[in-house]
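1. Build me a model from this:
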Amino acid sequence: MTIQLTRTAEELHALPRTGRRAVVMTMGALHEGHATLVRAARELVGGDGQVVVTVFVNPLQFGAGEDLDRYPRTLDADVEIAREAGADAVFAPSVDEVYPGGEPQVRVSAGPMGERLEGAFRPGHFDGVLTVVAKLLHLTAPDVALFGQKDAQQLALIGRMARDLNFPVEIVGVPTVREADGLALSSRNRYLSAADRTTALELSRALLAAHNVVELGPAAVRHAAHVVLHEAAGMTPPADLDYLALVDPSDFTEVADDHTGPAVLAVAAKVGTTRLIDNVPLEFEAPGADR
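-> Residues are numbered from 1 along each chain as shown. Predicted structure coming up:
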């Protein structure tokens, strides 16, 4: 299967288009998690559809002191991974193509949900994410866009933006892909030393421990995760916890101990020099409900 590498919106728009178009947005450094998104996109649009993978390291979503300069850029390998997973085209625009004339003066605001959890630790991050996603949706004009559930707050905000601002696109979340030991796939995993990785595994272990007691309610879920993370804080290197939050997926506010229905248990921690995030979706049933 051949794949087209395009650098400008004009080149992308010149490609023949039949059926539905799906887009998978990435910042490059593709791994199996991205490949899973591409395969899901292909399944959604079928053989007659078109799958486009965007590769763009967005400067707007990196704060001061974050890893914009060292973020891996591996376009040749990314194109090959996209091709093998079933993509028809890669759209890899320059910064000037996406932001002609420099940083945009008008941006998309993530609102209150964008100021919680990740937004509190990375001010302005989600404004940058939503601004570039909005621009890429306009530039690629897809019928459906797929995003990983590992970035749960990002996915929720993108879905909310599409609904609130009437974007004519379906937003689809794809379950988190994990390595055999349970660590959520991330481009940042390459920065982990062997010791870092041992500690990092405690994040997914905390989520699993919480998932295993979901029938006991929110308080038990929080306690089970905190027990594991407390142990991880004493490891070498430690897991330096930013937050552990059990939230309503509609607005990412903390749920009460009597909450029923869907929730997301989200965690963020720094291990060595690498900041990691992970989450698990949960469903709380009312006491006495049939299981």
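
2. which sections of the stretch 51-200 of the chain are below the confidence cut-off?
-> Scanning the stretch 51-200 of the chain for pLDDT under 70 picks out 65.

3. Could you point out the longest helix of this structure?
-> Ordering each helix of the chain by length in residues (DSSP state H) puts helix 194-211 first.

4. I'd like the next helix or strand past it.
-> Reading on from helix 194-211 to the C-terminus, the next helix or strand found by DSSP states H and E is helix 218-232.

5. counting contacts, what elements does that next one pack onto?
-> Here helix 218-232 touches helix 194-211, strand 239-247, strand 261-271, going by 3 or more C-beta pairs under 8 Å, 6 or more residues apart in numbering; DSSP states H and E. In this view, the C-beta of every residue, glycine as well, is placed from N, C-alpha and C.

6. That helix vs strand 239-247, what angle?
-> Interaxial angle, helix 218-232 versus strand 239-247 (axes from the mean of the first three to the mean of the last three C-alpha atoms, to 10 degrees): 170 degrees.

7. what comes into contact with helix 218-232?
-> 199, 202-203, 205-207, 209-214, 238-239, 241, 244, 246, 255-259, 263, 265, 267, 269, 282, 284 (C-beta atoms under 8 Å, 6 or more residues apart in numbering).

8. Buried residues in that helix, which are they?
-> Using 16 or more other C-beta atoms under 10 Å as the test for burial, helix 218-232 gives 218, 221-222, 224-225, 228-229, 232.

9. ok, of these, which one's closest to H31?
-> A232 (23.8 Å; C-beta to C-beta).

10. For the stretch 1-150 of the chain, which segments are assigned as helices?
-> 9-13, 32-45, 75-85, 95-98, 118-121, 125-140 (DSSP state H, counting those that start in this stretch).

11. can those go into JSON lines with extra columns for mean neighbour count?
-> Shown next, in JSON lines, are those (neighbours: other C-beta atoms under 10 Å):
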{"stretch": "helix 9-13", "mean neighbour count": "15"}
{"stretch": "helix 32-45", "mean neighbour count": "20"}
{"stretch": "helix 75-85", "mean neighbour count": "18"}
{"stretch": "helix 95-98", "mean neighbour count": "14"}
{"stretch": "helix 118-121", "mean neighbour count": "18"}
{"stretch": "helix 125-140", "mean neighbour count": "22"}
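
12. So for G173, which of the ones you listed sits nearest?
-> Among those, helix 32-45 sits nearest to G173 (C-beta to C-beta), with 9.8 Å.

13. Now do the same for that closest one: mean pLDDT, whole number.
-> The average of the pLDDT scores along helix 32-45 is 98.

14. In terms of secondary structure, what does it contact?
-> strand 21-26, strand 50-55, helix 75-85, strand 144-148, strand 170-174.

15. got JSON lines for those, with distance to G102 too?
-> Below are the helices and strands packed on helix 32-45 laid out as JSON lines (distance: least, C-beta to C-beta, whole Å):
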{"stretch": "strand 21-26", "distance to G102": "22"}
{"stretch": "strand 50-55", "distance to G102": "21"}
{"stretch": "helix 75-85", "distance to G102": "23"}
{"stretch": "strand 144-148", "distance to G102": "26"}
{"stretch": "strand 170-174", "distance to G102": "29"}
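
16. hmm, back to that, right, and the helices and strands packed on helix 218-232 - which one's nearest V144?
-> Among the helices and strands packed on helix 218-232, strand 261-271 comes nearest to V144, with 22.0 Å by C-beta to C-beta.

17. List only buried entries from the contacts of helix 218-232.
-> Burial by neighbour count, 16+ other C-beta under 10 Å: within these this picks out 199, 202-203, 205-207, 209-210, 214, 239, 241, 244, 246, 255, 259, 263, 265, 267, 269, 282, 284.
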